[in-house]
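Visitor: need coordinates for the below:
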Amino acid sequence: TVVIGDVAAGETMIGFPARPHRAKMREYAMVARLPKTLQKITELEKRLKTLEAALEVKNSEGVSEE
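Guide: Residues are numbered from 1 along each chain as shown. As a prediction, the model looks like this:
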């Protein structure tokens, strides 16, 4: 292990490049949630398309073509 810079007293560094342990654990937690987040985004995109299509139909019904 090589430490090139100062590390605050009581601070634990992990990874390469070294990052404070707490910050790295938050990163790991966020990465673990990515599949669920991607699934939710996909579901929301589908819902948005459905709502946009319904709005388009509703708007076209209100316009008469003469």
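
Visitor: spatially central residue for this structure, please.
Guide: residue 37 (5.8 Å; Cα atoms, centre = their mean).

Visitor: what about the strands in this structure?
Guide: Remark: strands assigned in the chain by DSSP state E are 13-14, 19-20.

Visitor: how far does the first one sit from the chain's center?
Guide: This points to strand 13-14. The chain centre lies 24 Å from the centre of strand 13-14; the measure is Cα atoms, centre = their mean, to the nearest Å.

Visitor: for it, what is the average pLDDT?
Guide: Across strand 13-14, the average pLDDT comes to 82.

Visitor: kindly report the same for stretch 30-41.
Guide: If you average the pLDDT over stretch 30-41, you get 98.

Visitor: gap between it and the chain center?
Guide: Here the centre of stretch 30-41 is set off from its chain's centre by 6 Å, with Cα atoms, centre = their mean.
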